[in-house]
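Visitor: A predicted structure for the sequence below; I have some questions about it.
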Amino acid sequence: MQRRSVYLDHSASTPVDPRVLDAMMPYFTDVYGNASSAHRYGRDAERAVEDARETVAGVLNCKPSEIIFTSGGSESDNLAIRGVAWSARQARGANHLITTPIEHSAVTKTVGQLAAVMGFEQTILPVDRVGMVDVEDFGNALRPTTALATIIYANNEVGTIEPIPQLAALAHDQGVLFHTDAVQAGGQLSLDVQALGCDLMSLSAHKFYGPKGVGVLYARNGIKPLPSHSGGSHEDGRRAGTHNTPGIVGLAKALELAYDELDERMAHYRTMRDHLIDGVLSRVPGAQLTGHPEQRLPSHTSFVFDGIDGNMLLMHLDLKGIAASSGSACKTGNPEPSGVLLAMGCDPELAKGSLRLTVGMQTTEDDIDYAVATLAETVGKLHRLRMN
């Protein structure tokens, strides 16, 4: 079997679409003014930022004034959670937060810090064996003092899609604001905030073929989170810092392309994903699919392998030219079992053998066939080494 290079880590990051790069390039060289400056150079940059804001608002089915540009998903999560929590406590003494154990660390660590350092209470809802939040459990957790509920739209490690419209509706019945980390959902699932019912939503451009270092926080009109860092009055006083004009232009272009081409892309992703799942489950002894078997991201597969060290598996796959990750890209190299898998009731030893393989626009059937064959060979080799 001839060695080839196969990138199957699109949940960690995607390559920048050449059309996105073309849209960005003038804002590195020709239109280089600060978007907050009053002169012509600044006005040209500001126009590009505001055009991008309108494009993003069109995809999200919201008002341009509800779009806040940030440095990425982590900052968007931080601003939504910390900013709304502080604001709600200041306004009405609300000091309770609701989340799950399967959130991205940008959410779990922010909620944890608010509880440990700033006196907030937290409710961490359980999930079932496929990573799904129980709607009734969520409703029962809501209190008059709940400042915010934050539930991930689609999990980054196992791909499970949560019932966001139902959860948001329950929150609103109790007068509670609802945030969702939609970073993994961007470019794959509907981002219509009216249909989803969320009050706040986080996105990051590099998950849908845009540049790194730029993201979005949607915040419904009337919600003004206290800024996490202070400075100038950018983004209507909600986020200080000079606008990343090329990045913002790139984000908007990438998002526009993703939803203009959504049907074509999703058909390709699902074909590649299902081919990958079928191949791994049929050819790799002891492989188990993690996450929901149907309600999962179109591009996402994730597995555990009995008796296999996930980090060792990643190293061997990399030597064969296959780029993958062990659960979350943010946790690669961590010898501890995934907290997401543990929260789903996975045995700790089995959870150490996790693998995430995520397909993209350029993924081919030949790539999948090579990855499956290599994975089967590698898992067999690691089992033999373990027995000796």
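Guide: Everything's here; your move.

Visitor: by contact count, what packs against the helix or strand hosting residue 377?
Guide: Per DSSP states H and E, residue 377 falls inside helix 365-387. Other helices and strands packing on helix 365-387, by 3 or more CB pairs under 8 Å, 6 or more residues apart in numbering; DSSP states H and E, are strand 6-7, helix 262-283, helix 310-319, strand 322-323. Any C-beta I mention is one placed from the backbone N, CA and C, and that applies to glycine too.

Visitor: nearest to residue 138, of the ones you listed?
Guide: helix 262-283 (27.7 Å; CB to CB).

Visitor: Tell me which helix or strand comes right after the closest one.
Guide: Assignment by DSSP H and E places the next element after helix 262-283 at strand 287-289.

Visitor: all strands of the protein, in order?
Guide: Listed in chain order, the strands of the chain (DSSP state E) span 6-7, 67-70, 96-99, 121-124, 146-150, 177-181, 200-204, 215-219, 287-289, 300-305, 322-323, 354-358.

Visitor: mind giving me the domain ranges of the protein?
Guide: 6-15+262-387, 18-260 (automatic domain parsing).

Visitor: Let me have the ones you listed in CSV, extended by mean neighbour count.
Guide: CSV is the format used below for the domains of the chain (neighbours: other CB atoms under 10 Å):
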stretch, mean neighbour count
domain 6-15+262-387, 19
domain 18-260, 20
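
Visitor: ok, residue 70 to residue 108 distance?
Guide: Noted for residue 70: a distance of 19 Å to residue 108, by CB to CB, to the nearest Å.

Visitor: Which strands or helices does the helix or strand bottoming out on mean pLDDT in the chain pack on?
Guide: Using mean pLDDT, DSSP states H and E, the weakest-scoring helix or strand in the chain turns out to be helix 234-237, at a mean of 82. Applying 3+ CB pairs under 8 Å, 6+ apart, we find helix 234-237 packed against strand 67-70.

Visitor: The strand it packs on - contacts with which helices or strands?
Guide: Counting by 3+ CB pairs under 8 Å, 6+ apart, strand 67-70 packs on helix 40-60, helix 73-92, strand 215-219, helix 234-237.

Visitor: try 6 Å this time
Guide: Where contact means 3 or more CB pairs under 6 Å, 6 or more residues apart in numbering; DSSP states H and E, strand 67-70 is packed against helix 40-60, strand 215-219.

Visitor: got the CA coordinates for the longest one in PDB?
Guide: Taking only C-alpha atoms (Å, rounded to 0.1, in the frame of the first residue of the first chain), the coordinates of helix 40-60 have been written out as PDB:
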ATOM      1  CA  ARG A  40     -10.800  57.800   3.700                       C
ATOM      2  CA  TYR A  41      -8.500  54.800   4.400                       C
ATOM      3  CA  GLY A  42     -10.400  54.200   7.600                       C
ATOM      4  CA  ARG A  43     -13.800  54.600   5.900                       C
ATOM      5  CA  ASP A  44     -12.900  52.100   3.200                       C
ATOM      6  CA  ALA A  45     -12.000  49.500   5.900                       C
ATOM      7  CA  GLU A  46     -15.100  50.300   7.900                       C
ATOM      8  CA  ARG A  47     -17.300  49.800   4.800                       C
ATOM      9  CA  ALA A  48     -15.700  46.400   4.300                       C
ATOM     10  CA  VAL A  49     -16.400  45.500   8.000                       C
ATOM     11  CA  GLU A  50     -20.000  46.600   7.800                       C
ATOM     12  CA  ASP A  51     -20.600  44.800   4.500                       C
ATOM     13  CA  ALA A  52     -19.300  41.700   6.100                       C
ATOM     14  CA  ARG A  53     -21.600  42.200   9.100                       C
ATOM     15  CA  GLU A  54     -24.600  42.400   6.700                       C
ATOM     16  CA  THR A  55     -23.500  39.200   5.000                       C
ATOM     17  CA  VAL A  56     -23.200  37.300   8.300                       C
ATOM     18  CA  ALA A  57     -26.500  38.700   9.500                       C
ATOM     19  CA  GLY A  58     -28.100  37.400   6.300                       C
ATOM     20  CA  VAL A  59     -26.900  33.900   6.900                       C
ATOM     21  CA  LEU A  60     -28.000  34.000  10.600                       C
END
